[in-house]
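1. With the sequence up front, the predicted model follows.
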Amino acid sequence: MKLRHHSFAVCTFLLLGTAAFMGGCATTGTERSVKTSNSIQDVEVEIRKMIVQIDATGTSLDALVYPANPDLKKSFDSYSDNVVKLDNEGKKVLNRIEEMKARSNEYFAEWEKQGDTFTNPDIRELSAERRNNLAQIYAQVPAKGAGIKRAYNDYLIDLKEIQKYLSNDLTPKGIEAITPVAQKSIQDREALKESIKPVIVALDDIKAELYKEKK
């Protein structure tokens, strides 16, 4: 899945156009729209990084428990490093989602205030309809993000407990004993990857709504 950076330029342009409706507060509205657009990009970038790190961590665990591993210490260190990286990436994703939620809430709240000042009823109705539609689409990202948090925590607990166990018994017998647990953790790994998909769909829905051409 390749990032489509050009789409965000279009998103920003259209958000800026929306902000222009906001009368005397156009500059403030523009700044909020840019922050909101940037927050969308931040979420997607971090999610892509997290997916890569999930796979890297899983690969390092597979290598660690591989039968007849010639260098357990090296494999364990690599695995431990990847667990730390995944921990950091997961936190970044969750933080970005919260930032997007806060910025979009602020943006749409101010949009509503400015929309109420229109004297032309047609424009006022258009503003409200557009705002409500976009707000509902934006809200899907943090809503779907709750699934990532649960799956991420479950998988990270697995990884850290495997790491803790092996830190006390990094021997062929210790590896043999923990291997069934490591294999079961694959289910949580896949559950985490599945939990990310709805958020990517929600982000794509936002971009489609912002730059799709009306037929």
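-> That came through fine.

2. any idea of the mean pLDDT in the host helix or strand of K164?
-> Using DSSP states H and E, K164 falls within helix 121-168. For helix 121-168, mean pLDDT is 93.

3. helices or strands next to that helix in the packing?
-> The elements that helix 121-168 packs onto, with contact taken as 3 or more C-beta pairs under 8 Å, 6 or more residues apart in numbering; DSSP states H and E, are helix 26-64, helix 72-115, helix 172-211. Bear in mind the C-beta positions are built from the backbone N, C-alpha and C, glycine included.

4. May I ask which helix or strand of this structure has the lowest mean pLDDT?
-> One helix or strand of the chain scores below all others by mean pLDDT, DSSP states H and E: helix 5-19, with a mean of 42.

5. returning to what we had before: tell me the angle the helix holding K164 makes with helix 72-115.
-> 160 degrees (axes from the mean of the first three to the mean of the last three C-alpha atoms, to 10 degrees).

6. on that earlier part again, of the helices and strands packed on helix 121-168, give the one that comes closest to I123.
-> In terms of C-beta to C-beta, the element of the helices and strands packed on helix 121-168 nearest to I123 is helix 72-115, at 8.5 Å.

7. Check the average confidence over that closest one, would you?
-> Mean pLDDT, computed over helix 72-115, is 93.

8. For the remainder of this discussion, apply numbering that starts at 358.
-> All right, first residue 358 from here; so that's helix 429-472.

9. That helix packs against which elements?
-> Using 3+ C-beta pairs under 8 Å, 6+ apart: helix 429-472 touches helix 383-421, helix 478-525, helix 529-568.

10. Centre of the chain to the last one, how far?
-> Relative to the chain's own centre, helix 529-568 is displaced by 12 Å; criterion: C-alpha atoms, centre = their mean, to the nearest Å.

11. swap in the shortest one?
-> When C-alpha coordinates are averaged (C-alpha atoms, centre = their mean), helix 383-421 and its chain have centres 5 Å apart.

12. could you give the angle of it to helix 429-472?
-> 160 degrees.

13. I'd like to know which elements helix 383-421 is packed against.
-> Looks like helix 383-421 contacts helix 362-376, helix 429-472, helix 478-525, helix 529-568 (3+ C-beta pairs under 8 Å, 6+ apart).

14. quick one: buried residues of it?
-> Residues of helix 383-421 classed as buried: 386-387, 389-405, 407-408, 410-411, 413-415, 417-418, 421 (neighbour count, 16 or more other C-beta atoms under 10 Å).

15. any idea of the mean pLDDT for it?
-> 85.

16. mind giving me JSON lines with the helices and strands packed on helix 429-472 and columns for distance to Y464?
-> Below are the helices and strands packed on helix 429-472 laid out as JSON lines (distance: least, C-beta to C-beta, whole Å):
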{"stretch": "helix 383-421", "distance to Y464": "5"}
{"stretch": "helix 478-525", "distance to Y464": "9"}
{"stretch": "helix 529-568", "distance to Y464": "13"}
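
17. So which of the ones you listed is nearest N439?
-> helix 383-421 (4.1 Å).

18. Just want the angle from the closest one to helix 529-568.
-> Put simply, helix 383-421 runs at 150 degrees to helix 529-568, going by the same axes, to 10 degrees.
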